[in-house]
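Engineer: please find the sequence and the predicted model below.
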Amino acid sequence: MLVIDPKVYSLIKVAETGSYTRAAEQLSLTQPAVSQHIRALEGELGIRIFERVNNELRITHEGETAIKYAKRMLSLYNNLQRDLTSEKRQLTQLTVGITHTAESNAISEALAKYVNNHEGVTVKIITDTLSNLYDKVKNYELDFAIVEGKLNHPSLRYLMLDTDCLVLAVSPNHRLAKQSMVTISALKKEKMILRLPDSSTRNLFVSSLESQNMSIDDFNVIMEIDNIATIKDLIRRDFGVSVLAKSACMDELKKKKIAVLPIENLSMMREINIVYSQDFEHFETLRDIVRSYNETRGVVGDRK
């Protein structure tokens, strides 16, 4: 059986902990042994992986590249062991990435439904930013991820799960709640609570504004928050309005806790896709998850 070089484990653990001592403790090694592993790797690769700045361990640019490939090697090895174990039966362990938006819609419920329908299957869900999820898929740290839109990359493949659109979300008591649409001029007068600039929701809103020769700076953004549940809670309490994915507001819509409406002249449609590596061989698993998602949407639609 193949064996991963212990130096790889030391490299990853030092990067994760930011400390040779803590890495040694977690690996059940001595601190000098871990230090020797890093020096040996630096010698083999001809680079500096770590450097000390103000007594803090920093990763160099070359070190970032080395760590990325080390994680990829370890993920590939773990996937090899898993697939060999599962070769004659259904894939039983899945690591799935989702965005913060996906946390608030039917996707998590669909994954739970899939697990319930496939005895012996376990799913680990990791929530992260879109860019980090793509990196994790490319580095084989995730089996697949649920993402908004697509990133053109030769190693990635996509299966469309759904479509979604961005809407203005307001309190049911807000003066705009009964309107069929909000104009840009009216929106500029509102206090806005938005996702952080690195979110795909925020980026789609900004790009739609730019297509109309407008800037996010033209609006009264009073808060930027990463957590969608917090944003929806503030909207319900009428502290401001927000631009969110309609799918993330479905439960609140059904319970009449939030009202949504389109923004005039802004088309903000997007695909929701399953992205996976070209090496992922369990395509029927993805099909089953799509079926679970479609069944879940039907269940959600019938809820009172």
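Structural biologist: Arrived safely, thanks for sending.
Engineer: tell me what residue 51 is bridged to.
Structural biologist: Taking DSSP bridges, one finds residue 58 as the beta-bridge partners of residue 51.
Engineer: tell me which element the nearest residue to residue 141 once chain neighbours are set aside falls in.
Structural biologist: Take residue 141 and drop its neighbours on the chain: the residue closest to it by C-beta to C-beta, 6 or more residues apart in numbering is residue 75, 5.0 Å away. Placement of C-beta: from N, CA and C, glycine included. Using DSSP states H and E, residue 75 maps to helix 61-85.
Engineer: show residues contacting that helix.
Structural biologist: 2, 4, 8-9, 11-12, 15, 41, 45, 47-50, 59, 91, 93, 135, 139-141, 281 (C-beta atoms under 8 Å, 6 or more residues apart in numbering).
Engineer: can you select the buried ones among those residues for me in PyMOL?
Structural biologist: Command for PyMOL, covering only those of the contacts of helix 61-85 found buried under the criterion 16 or more other C-beta atoms under 10 Å:
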select buried, resi 8+9+11+12+15+41+49+50+59+91+93+135+139+140+141
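Engineer: got the angle between the helix or strand following the helix holding residue 75 and helix 61-85?
Structural biologist: With elements assigned by DSSP H and E, the helix or strand that comes after helix 61-85 is strand 93-98. Here strand 93-98 runs at an angle of 140 degrees relative to helix 61-85 (axes from the mean of the first three to the mean of the last three C-alpha atoms, to 10 degrees).
Engineer: pLDDT of strand 93-98, averaged?
Structural biologist: Per-residue pLDDT values over strand 93-98 give a mean of 92.
Engineer: with stretch 215-225 instead?
Structural biologist: 96.
Engineer: three-state assignment of the residue of the chain positioned farthest from its centre?
Structural biologist: Most distant from the centre of the chain: residue 32, at 37.0 Å, with distances by C-alpha atoms, centre = their mean. Classification of residue 32 by DSSP: H, G, I helix; E, B strand; the rest coil places it in helix.
Engineer: avg pLDDT for the strand ranked longest in the chain?
Structural biologist: For the chain, the longest strand by residue count, based on DSSP state E, is strand 156-170. On average, the pLDDT along strand 156-170 is 94.
Engineer: could you export whichever helix or strand comes after that strand as CSV, CA atoms only?
Structural biologist: Using DSSP H and E, the helix or strand that follows strand 156-170 in sequence is helix 184-187. The C-alpha trace of helix 184-187 is given here as CSV (Å, rounded to 0.1, in the frame of the first residue of the first chain):
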residue,chain,number,x,y,z
ILE,A,184,-33.7,52.2,-8.5
SER,A,185,-34.4,55.7,-7.4
ALA,A,186,-36.7,54.4,-4.6
LEU,A,187,-34.0,51.8,-3.5
